[in-house]
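> Fold the following and give me the result.
(one chain, ligands or ions: 1)
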Amino acid sequence: MLEVKQVSKLYENQRGVHSIDFSMNRGEIVGFLGPNGAGKTTTMRMITGYLNPTHGSITIDGLSMADHPKKARQKIGYLPETPPLYPEMSVRAYLQFIADLRGIPGKEQKNRIGEVIERLGLQGRERQVIRGLSKGYKQRMGLAQAILHNPDLLVLDEPTSGLDPKQIIEIRQLIRELGENHTVLLSTHILPEINTLCNRVLIINQGRIVMDGHPDQLAHSMGETFEVSLEVKGPREAVLAELRGLPQVASVKPLAEESAAAAAAAASASAAPEPQPDADAPTNGGGAESQAEPEARPAESDGAEPPTVKVLVSAQDRADIREAIFYRMAELRYPILAMKKESLSLEDIFLKLTTNEPVDSAADHSDSADTDADDSEANQKEVSPHA
Ligand SMILES: Nc1ncnc2c1ncn2[C@@H]1O[C@H](COP(=O)(O)OP(=O)(O)OP(=O)(O)O)[C@@H](O)[C@H]1O
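Residues are numbered from 1 along each chain as shown. Sure, this is the predicted structure:
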């Protein structure tokens, strides 16, 4: 559908984009991600024919943008960061004007405008003047003008920028629906937008594409290891020793909060030697129905609760070590309070690719609940610009 071949745009200051190379297949929704000044808008303006590349070629559905700009542009709908609206016009008058401009034949115009008004939820506002619309509805108007001529490819520059959370949800839903019939390239600073909308992400940094893939595959392709964060109730040293002894466990590291707690516990409990677990403890899986108190939980014998051990366990060869951990801890009757497979978030990957900051995936794990919350539709977690 779209071929961008070795495209560069050099501005006078030598910035811009350099040898950008990617293609898009029909039906894809591709997220275009990058810090401020990375080259997203420049690339989108070249794809839509508003800016000529210094080098390279762009073809839309086989049509060269350089050789057939008019025909190629008819296949594209473009929503720039600021929608190109005429505030004094009414909704219907504006769409009529755009229909004329795009050369939609007169007898098709009424139907087409009616379809777009319905699709974008603009019914009842046809006579309203654009100036009086909310920001969310202005954005709907921007999308309406982009799809009016029924283009194959939609190019959307930060389509939810500046909207409130409710409007963001609405516009994302619209983009999702538009993605059913259109190929979509959308730029954003908002990482959850990629996770909720896109089946592919392109990351651009300092004018170069630094990553291209499915959001879920990116972590894997970056050599991510298999890691599990774990919260276990049991004698600390025994839990650590048992985990380290499991096959395919490469390392067991206390999480940041656990290190501090362990240091405090060690100081206060130094008088009482830590008991060792009983390897012959019952193997009934630690079921609640068991009446016998296990010898492996000696901390309870003096009435005190055993400590909670929080660690990050890394596996060799990306082996899934969760079952082995579960069965061994159950055997020893050390209850697992929480176990979570950790992976680099898109935010981790983005930082790794666009800054020199080392990314320690364990660093985020203490607040992994917050990370999960990132999937919330209205979450506005933006990437801080580091370009
Ligand atoms: N007209 C111009 N003249 C000179 N330099 C420009 C021009 N337009 C963009 N640049 C430079 O080219 C680089 C890429 O800019 P571009 O606007 O494409 O980035 P962006 O990723 O869209 O950024 P943002 O997220 O802030 O919109 C930046 O260094 C910018 O300063």
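> unless I'm mixing things up, Gly34 is touching Gly207, no?
No: using CB atoms under 8 Å, Gly34 makes no contact with Gly207, being 9.3 Å away. C-betas here are computed from N, CA, C, even on glycine.
> ok, these two, which is more surrounded?
Gly34 (28 against 22; other CB atoms under 10 Å).
> show me the contacts for that one.
The contact partners of Gly34, by CB atoms under 8 Å, 6 or more residues apart in numbering, come to Lys40, Ser187, Ile203, Ile204, Asn205, Thr354, Ala387.
> can you put these in TSV and add neighbour count, distance to Pro215 and pLDDT?
Output for those, formatted as TSV (neighbours: other CB atoms under 10 Å; distance: CB to CB, whole Å; pLDDT from 0 to 100):
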residue	neighbour count	distance to Pro215	pLDDT
Lys40	24	17	92
Ser187	24	15	91
Ile203	23	10	88
Ile204	26	15	90
Asn205	20	17	89
Thr354	22	16	73
Ala387	14	21	31
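> which of those residues come close to the ligand?
Filtering the contacts of Gly34 for neighbours of the ligand using CB under 6 Å from any ligand atom leaves Lys40.
> ok, so of the contacts of Gly34, who is nearest Leu10?
Of all the contacts of Gly34, Ile204 has the smallest distance to Leu10: 15.7 Å, by CB to CB.
> For the closest one, which non-adjacent residue is spatially closest?
Among residues not flanking Ile204 along the chain, Gly34 sits closest, at 3.9 Å (CB to CB, 6 or more residues apart in numbering).
> cool, and Ser134?
Gln167 (7.5 Å).
> Mind listing residues that contact stretch 124-131?
85-92, 94, 117, 133, 137-138, 141.
> Turn those into a markdown table, including distance to Val4.
Shown next, in a markdown table, are the contacts of stretch 124-131 (distance: CB to CB, whole Å):
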| residue | distance to Val4 |
| --- | --- |
| Leu85 | 28 |
| Tyr86 | 31 |
| Pro87 | 34 |
| Glu88 | 37 |
| Met89 | 34 |
| Ser90 | 38 |
| Val91 | 34 |
| Arg92 | 36 |
| Tyr94 | 31 |
| Ile117 | 33 |
| Leu133 | 34 |
| Tyr137 | 33 |
| Lys138 | 29 |
| Met141 | 28 |
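> Of those, just the buried ones, ChimeraX syntax please.
In ChimeraX syntax, the buried subset of the contacts of stretch 124-131 is picked out as below (16 or more other CB atoms under 10 Å):
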select :85,89,90,91,92,94,117,133,137,138,141
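> What residues does the stretch 101-250 of the chain have near the ligand?
Residues of the stretch 101-250 of the chain found near the ligand (CB under 6 Å from any ligand atom): none.
> Poorly predicted segments of this structure, please.
216-224, 256-304, 343-347, 356-387 (pLDDT under 70).
> for it, what spans make up the strands?
Counting by DSSP state E, the chain has these strands, from start to end: 2-10, 16-24, 29-33, 55-60, 63-64, 76-79, 153-157, 183-188, 200-205, 208-213, 227-233, 249-254, 308-315, 336-342.
> Show me the helices in the protein, by range?
Listed in chain order, the helices of the chain (DSSP state H) span 40-47, 69-74, 91-101, 106-119, 135-147, 165-178, 191-197, 215-221, 236-245, 256-268, 322-331, 346-354, 368-373.
> Save those as JSON lines, and put in distance to Met339 too.
As requested, the helices of the chain are exported to JSON lines (distance: least, CB to CB, whole Å):
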{"stretch": "helix 40-47", "distance to Met339": "39"}
{"stretch": "helix 69-74", "distance to Met339": "53"}
{"stretch": "helix 91-101", "distance to Met339": "53"}
{"stretch": "helix 106-119", "distance to Met339": "45"}
{"stretch": "helix 135-147", "distance to Met339": "41"}
{"stretch": "helix 165-178", "distance to Met339": "32"}
{"stretch": "helix 191-197", "distance to Met339": "23"}
{"stretch": "helix 215-221", "distance to Met339": "19"}
{"stretch": "helix 236-245", "distance to Met339": "11"}
{"stretch": "helix 256-268", "distance to Met339": "14"}
{"stretch": "helix 322-331", "distance to Met339": "6"}
{"stretch": "helix 346-354", "distance to Met339": "20"}
{"stretch": "helix 368-373", "distance to Met339": "11"}
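> Indicate which one of these is closest to Val309.
Taking those one by one with CB to CB, helix 236-245 is closest: 4.6 Å.
> Compute the distance between Cys140 and the ligand, please.
Quick fix: residue 140 reads Arg, not Cys. Distance from Arg140 to the ligand, counting by CB to the nearest ligand atom, to the nearest Å: 22 Å.
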